[in-house]
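Participant: this one's structure only:
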């Protein structure tokens, strides 16, 4: 855990009062992901740290009544460009009509090979209700077999919530892999999707909040065209759980009462476009990064994001999942909140003890954070 874990207990009452519910400030000062990451492993931290974090709004504790872990997964491949565009059009319309609400979250990906991939989760609905919601799309896909193919059938699953952390169950359905070191406990597992991320070298990573206004019927075609054009250059993923516009009014109001760019509250998704290579190590012969390929990939991501920015030219971005080389990072990450954040930073950390690349006040330091330049 970053500096926050050591410092949270000693935050003064004055700072707590100034920050209020401003979790984004702490993210900017300490490069710490707010409630999303903190709440998932809340038991790892001392009660006093948790209580202080709760008091200043870094985390929100809720009673969860859900008894099941629920998800929808499936992959569809279009057989032509025209069919792929129509598939995107149908899914955008379906998302607005059926999934743009507090019940649904996670990812819709547009991948190379004219592939659309669903990896969604849902709550406060049972499996039969979810099946009814998805039936119109499933029927349309089935009726379009001349133009579409199911790579992986769309499955609607609901399992007891306790199985979410049951290593044996997760191994059976392929979500986790076993630690293969000699003598490792059978309970030592890791997410299969994280295997590619271990030691990977990023070639490019960009993101943009996609406003919910583009889901309106008169704007959908522009969104479809932008997504279709972007996916021709590189895969793009719509993280619908990271855009809050489909949430409850209370959740949206809470989000606006933080230091994050207010664009998050108006977005239906955070679009991420990125690429990487497997573990590579500069200076080790035979294991060095592929610089030529990396630059080609970075240009492809830039071309894809150019298509998105043509539709959303001033799109904000999420600091923890964004372009390391972002030029207008103050506006992109913090929006109109930046000047207030900078004033708080100057009051409580005038010497710059806490530094992070493109965090609040970082423009006054060298890129490595060792030398003050203004």
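Facilitator: Structure's in. What do you need? Quick caveat: nothing in here was measured; it's all calculated off a predicted structure.
Participant: quick one, helices of the stretch 201-350 of the chain?
Facilitator: Using DSSP state H, counting those that start in this stretch, the helices of the stretch 201-350 of the chain run over 220-233, 249-256, 263-266, 291-311, 329-334, 338-348.
Participant: will you turn the ones you listed into TSV that also has mean pLDDT?
Facilitator: Below are the helices of the stretch 201-350 of the chain laid out as TSV (pLDDT from 0 to 100):
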stretch	mean pLDDT
helix 220-233	98
helix 249-256	90
helix 263-266	95
helix 291-311	97
helix 329-334	95
helix 338-348	96
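Participant: now the helix or strand residue 70 falls within, how far from the centre of its chain.
Facilitator: Per DSSP states H and E, residue 70 falls inside strand 68-78. Taking the mean of its C-alpha atoms, strand 68-78 sits 18 Å from the chain's own mean (C-alpha atoms, centre = their mean, to the nearest Å).
Participant: And the next helix or strand past it?
Facilitator: Strand 68-78 is succeeded, C-terminally, by helix 81-94 (DSSP H and E).
Participant: Which strands and helices lie in contact with the helix or strand just after that following helix?
Facilitator: Counting by DSSP H and E, the next helix or strand C-terminal to helix 81-94 is strand 104-111. Counting contacts by 3 or more C-beta pairs under 8 Å, 6 or more residues apart in numbering; DSSP states H and E, strand 104-111 packs against strand 115-122, helix 220-233, strand 236-239. C-betas here are computed from N, CA, C, even on glycine.
Participant: Please enumerate residues in contact with strand 104-111?
Facilitator: 71, 88, 91, 95, 115-122, 227-228, 230-231, 235-241, 246, 269 (C-beta atoms under 8 Å, 6 or more residues apart in numbering).
Participant: what residues go with each domain of the protein?
Facilitator: 4-62+331-364, 67-79+94-155 (automatic domain parsing).
Participant: circling back: so which of the helices of the stretch 201-350 of the chain comes closest to residue 182?
Facilitator: helix 291-311 (34.7 Å; C-beta to C-beta).
Participant: Can you get me the centre-to-centre distance for the closest one and its chain?
Facilitator: Once both centres are worked out by C-alpha atoms, centre = their mean, helix 291-311 turns out to sit 19 Å from its chain's centre.
Participant: One more: stretch 253-260?
Facilitator: 17 Å.
Participant: And it, what's buried?
Facilitator: Neighbour counts using 16 or more other C-beta atoms under 10 Å place 254-255, 258-260 of stretch 253-260 among the buried residues.
Participant: Please identify the deepest-packed of the helices and strands packed on strand 104-111.
Facilitator: Stretch with highest mean neighbour count among these: strand 236-239 (a mean of 22; mean count of other C-beta atoms under 10 Å).
Participant: State the mean pLDDT of that strand.
Facilitator: Taken as a whole, strand 236-239 carries a mean pLDDT of 98.
Participant: Not counting that strand itself, show me its contacts.
Facilitator: Contacts for strand 236-239 (C-beta under 8 Å, 6+ apart): 106-110, 210, 227, 230, 269-273, 304, 308.
Participant: Name the pair among these with the greatest separation in space.
Facilitator: Farthest pair in the contacts of strand 236-239, by C-beta to C-beta: 106 and 304, 20.9 Å.
Participant: Which of those two has more residues huddled nearby?
Facilitator: Remark: of residue 106 and residue 304, residue 304 carries more neighbours, 27 against 18, as counted by other C-beta atoms under 10 Å.
Participant: I'd like to know how far that one sits from residue 175.
Facilitator: 28 Å (C-beta to C-beta, to the nearest Å).
Participant: contacting residues around the strand holding residue 70?
Facilitator: With C-beta under 8 Å, 6+ apart, strand 68-78 has contacts from 84, 86-87, 106, 113-123, 125-127, 130, 134, 141, 147-161, 163-164.
Participant: same check, this time on stretch 146-160
Facilitator: 67-80, 82-83, 86-87, 115, 118, 126-127, 130-131, 134, 137-138, 141, 169.
Participant: which of these count as buried?
Facilitator: Here, 16+ other C-beta under 10 Å leaves 68-78, 83, 86-87, 115, 118, 130, 134, 137, 141, 169 buried among the contacts of stretch 146-160.
Participant: Quick check, residue 363 in contact with residue 330.
Facilitator: Yes. Using C-beta atoms under 8 Å, residue 363 is in contact with residue 330, at 7.3 Å.
Participant: between those two, who's got more neighbours?
Facilitator: Taking neighbours as other C-beta under 10 Å, residue 363 and residue 330 compare with residue 330 leading, 20 against 12.
Participant: Touching, that one and residue 361? I think so.
Facilitator: No. With contact defined as C-beta under 8 Å, residue 330 does not reach residue 361; the gap is 10.0 Å.
Participant: Could you find the closest non-adjacent residue to residue 205?
Facilitator: residue 274 (4.1 Å; C-beta to C-beta, 6 or more residues apart in numbering).
Participant: if I pick the one you found, what's in contact with it?
Facilitator: By C-beta under 8 Å, 6+ apart, the contact list for residue 274 reads 202-206, 301.
Participant: Now the helix or strand where residue 190 lies: buried residues?
Facilitator: Residue 190 is part of strand 189-191, with elements assigned from DSSP H and E. By 16+ other C-beta under 10 Å, the buried positions in strand 189-191 come out as residue 189.
Participant: Mind listing residues that contact it?
Facilitator: 167, 170-171, 175-179.
Participant: Excluding sequence neighbours, find me the nearest residue to residue 336.
Facilitator: Closest residue to residue 336 apart from its sequence neighbours, by C-beta to C-beta, 6+ apart: residue 262 at 6.9 Å.
Participant: got a pLDDT number for that neighbour?
Facilitator: pLDDT at residue 262 comes out at 94.
Participant: Surely it touches residue 333?
Facilitator: No. Between residue 262 and residue 333 no contact is recorded; they are 11.7 Å apart, counting by C-beta under 8 Å.
Participant: what ranges of the stretch 51-200 of the chain fall below the confidence cut-off?
Facilitator: 51-67 (pLDDT under 70).
Participant: With that, I have no additional questions.
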